[in-house]
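**Student:** Quick one, fold the following:
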Amino acid sequence: MQGRFWEYHDTLFANQGALAIADLKRYAGELSLDQAAFDNCLDSGETASLVQQDLAEAERYGISSTPTLFINGRMVAGALPYETFAELISDELARVR
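**Tutor:** Residues are numbered from 1 along each chain as shown. Okay, the predicted model is just below:
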């Protein structure tokens, strides 16, 4: 992302209600990215199939939101407190002992 990944990431995160193609391009311009290169990359659809593969895999696992992770095969969805993860991990460790 032209060396500005985290800046762009933070902009998208702060503007989750406005993620249309025109918005994505506007944010790139606001961050002074190479607009022509950004637009070409986005418009080319070059990585669209990779995104579709990821979405299909997530669907196969029943994932419909982020964050979602698996602890020893147990799906954990949502931003949960540390204590919840510690308990799940302890439970899983106890099962394998």
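**Student:** Distance-wise, check residue 13 relative to residue 66.
**Tutor:** 11 Å (C-beta to C-beta, to the nearest Å). For the C-beta atoms, the positions are set from N, CA and C on the backbone; glycine is no exception.
**Student:** Can you give me the pLDDT of the most far-flung residue of the chain relative to its centre?
**Tutor:** Distance to the chain centre peaks in the chain at residue 97, reaching 34.1 Å (criterion: C-alpha atoms, centre = their mean). Looking at residue 97, its pLDDT is 78.
**Student:** Okay, helices next: where are they in this structure?
**Tutor:** Using DSSP state H, the helices of the chain run over 5-14, 21-30, 35-44, 48-60, 82-96.
**Student:** so what are the domain limits for this protein?
**Tutor:** Domain assignment for the chain by automatic domain parsing gives 5-46, 63-96.
**Student:** ranking the helices of the chain by burial, who's on top?
**Tutor:** helix 21-30 (a mean of 14; mean count of other C-beta atoms under 10 Å).
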